[in-house]
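**Student:** coordinates only, sequence not included:
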């Protein structure tokens, strides 16, 4: 099972940017698709973005398209989420997760990290 550790969260004003990182403790990181999810208080966890094992494909939730970018560095066993033009509604705990499948569907992902808090003030 892949162990994942997220970092990079914090408090930012609306319109600002943050970059989240997720470090994976596995020698086979390049074989996993990776995803980012988030959970706001009182809401269910929702899909944000996913990237294929070689970085060649990605997909995004409609709510973040054009503002967020997922990327990965297989040499560093790390996946990133660059978040620009942040909005108060982006406030949530952000989690990364891994998948052995290629379809990048939300239900494919598991092995969650502990999460990192992102708070966007208006």
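**Tutor:** Right, received. Where do you want to start? What you are looking at is a predicted structure, and each value in this text was computed from that prediction instead of being measured.
**Student:** Where does the residue nearest the centre of the chain sit, in terms of helix or strand?
**Tutor:** Nearest to the mean C-alpha position of the chain, by CA atoms, centre = their mean, lies residue 36 at 2.4 Å. Using DSSP states H and E, the element containing residue 36 is strand 33-39.
**Student:** So what's the gap between that strand and the chain middle?
**Tutor:** Taking CA atoms, centre = their mean, to the nearest Å, the mean C-alpha location of strand 33-39 is offset from the chain mean by 4 Å.
**Student:** contact partners of that strand?
**Tutor:** 20, 22, 24, 45-53, 70, 72, 79, 81, 90, 92-102, 104, 106, 108-109, 112, 115, 118 (CB atoms under 8 Å, 6 or more residues apart in numbering). In this view, the C-beta of every residue, glycine as well, is placed from N, C-alpha and C.
**Student:** which intervals of this structure have sub-threshold pLDDT?
**Tutor:** Within the chain, no range satisfies pLDDT under 70.
**Student:** number of nearby residues for residue 100?
**Tutor:** 14 (other CB atoms under 10 Å).
**Student:** Now it. Its backbone dihedrals?
**Tutor:** phi -90, psi 0 (degrees, to the nearest 10).
**Student:** picking that back up, and the strand holding residue 36, what's buried?
**Tutor:** 33-38 (16 or more other CB atoms under 10 Å).
**Student:** do the same with stretch 81-96
**Tutor:** So, applying 16+ other CB under 10 Å, buried residues of stretch 81-96: 81, 83, 86, 90-96.
**Student:** rewinding a little: filter the contacts of strand 33-39 down to just the buried residues.
**Tutor:** 20, 22, 24, 45, 47-53, 70, 72, 79, 81, 90, 92-99, 104, 106, 108-109, 112, 115, 118.
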